[in-house]
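*Asks:* Fold the following and give me the result.
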Amino acid sequence: MPTIRQMYGGMYNLYKTTYANGQLFRQSASATKTTSTNYLNSYSSSAKDLLSTYNTTKNTFNRELDETISALKSSSRAVKNFDFKVGADAVTKTETLGEDGEKVISTKYSDKLTDALKTVENFLSDYNDAINFFDDNSSVSKRVSNLAKNFSDTTYFAKNFSEIGIVTAKDGTMKIDEDKLVESLTENPQKVSRILNGLSDRADRKISTVTSMQKNLFPTAKNMLGKDFGIAQAYSGRGLLNTNYYSNVGNLLNFMF
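*Replies:* Prediction:
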């Protein structure tokens, strides 16, 4: 399946083809004072493909956005509801002798500690997915680009996160340092809970921002082409030959790229 960025590339190429066909048609019409049915059919077909690609891309973007935000909302709620007091005895170490006579230390986590690690890991994974989604699609519009910057601001809190075993990369994505996180969970679960709840609160605020502007992140073709330019016009030769079409589509592309 093509990525959203690839679909945009296809849409942009279709636009350029449509525009070129229109220029060619006008030159031919000016020279012969006649209408070329072949040019017109080609022009209309390109516009249909353009709108079809646009709508497919929009639907793909919105579906992936819904999935990404829904997963983050769920894992954020799980962090808030989890009791990170796993107990000081959540880690059991057993010492045995190997075949070579060397000591072998086996480490076992309690079920509660295992659940705690999984809860944190899922939350960070979903947060990373959101960061990557908006970063990968930042060229869709300025709004999406701003959201990409918004979600990657975890770098500002990297020092606090590292204190409990969360490592933050330059792009804002996070992963756990298991040994450090286990140590923090067994020795200072209150601090772990406080920092994770703070991250969860920030995630929830970002989710609310996305939800409030979701309809405007990827506007419909009708809105982007202008309120007086109905979708149906794009399927008629007369509507396509309207010179306003070019300036309106130009505005659409300027908005997105």
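*Asks:* Tell me, how many residues neighbour V192?
*Replies:* V192 sits with 24 neighbouring residues when counted by other C-beta atoms under 10 Å. All C-beta atoms are positioned from the backbone trio N, CA, C, and that covers glycine.
*Asks:* ok, N197 touching V79?
*Replies:* Yes: assessed by C-beta atoms under 8 Å, N197 is found in contact with V79 at 7.0 Å.
*Asks:* More neighbours: these two, which one.
*Replies:* Using other C-beta under 10 Å, the more surrounded residue of N197 and V79 is V79, with 20 against 15.
*Asks:* Wasn't the more buried one part of a strand?
*Replies:* No: V79 is assigned helix when assessed by DSSP: H, G, I helix; E, B strand; the rest coil, not a strand.
*Asks:* Can you name the residues that contact it?
*Replies:* T119, V120, F123, L196, N197, L199, S200 (C-beta atoms under 8 Å, 6 or more residues apart in numbering).
*Asks:* Filter these down to the buried ones.
*Replies:* Buried members of the contacts of V79, scored by 16 or more other C-beta atoms under 10 Å, are T119, V120, F123, L196, L199, S200.
*Asks:* Just send those back as JSON lines, with pLDDT too.
*Replies:* Converted to JSON lines, these look like this (pLDDT from 0 to 100):
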{"residue": "T119", "pLDDT": "98"}
{"residue": "V120", "pLDDT": "98"}
{"residue": "F123", "pLDDT": "98"}
{"residue": "L196", "pLDDT": "98"}
{"residue": "L199", "pLDDT": "97"}
{"residue": "S200", "pLDDT": "98"}
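*Asks:* which one of these is nearest V167?
*Replies:* Minimum distance to V167 across the buried ones among the contacts of V79 is 12.2 Å, recorded for V120 (C-beta to C-beta).
*Asks:* which residue ranges form the strands in the stretch 151-257 of the chain?
*Replies:* Counting by DSSP state E, counting those that start in this stretch, the segments of the stretch 151-257 of the chain that form strands are 166-168, 174-176.
*Asks:* Flag every buried residue along the first one.
*Replies:* Under the neighbour-count criterion of 16+ other C-beta under 10 Å, strand 166-168 has I166, T168 buried.
*Asks:* so where's the stretch 1-150 of the chain uncertain?
*Replies:* Within the stretch 1-150 of the chain, the ranges that satisfy pLDDT under 70 run 1-51.
*Asks:* Going along the chain, name the strands of it.
*Replies:* Using DSSP E, counting those that start in this stretch, strands in the stretch 1-150 of the chain cover 91-97, 103-109.
*Asks:* Would you mind extracting the C-alpha trace of the first one into PDB?
*Replies:* Extracted as PDB, the C-alpha positions of strand 91-97 are listed here (Å, rounded to 0.1, in the frame of the first residue of the first chain):
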ATOM      1  CA  VAL A  91      12.800  -9.000  42.000                       C
ATOM      2  CA  THR A  92      14.000 -12.400  43.000                       C
ATOM      3  CA  LYS A  93      17.600 -13.400  42.200                       C
ATOM      4  CA  THR A  94      18.700 -17.000  42.400                       C
ATOM      5  CA  GLU A  95      22.300 -18.100  42.400                       C
ATOM      6  CA  THR A  96      23.300 -21.500  40.900                       C
ATOM      7  CA  LEU A  97      26.500 -23.100  39.700                       C
END
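*Asks:* For the residue lying closest to D89 once chain neighbours are set aside, what are phi and psi?
*Replies:* Spatial nearest neighbour of D89, excluding adjacent residues (C-beta to C-beta, 6 or more residues apart in numbering): S110 at 7.6 Å. Phi and psi for S110, reported as degrees, to the nearest 10, are phi -70, psi 160.
*Asks:* In this structure S110 contacts G87, no?
*Replies:* Yes: using C-beta under 8 Å, S110 is in contact with G87, at 7.0 Å.
*Asks:* ok, now which ones touch L217?
*Replies:* With contact taken as C-beta under 8 Å, 6+ apart, L217 is in contact with F61, L65, V140, S141, R143, V144, L147, V210.
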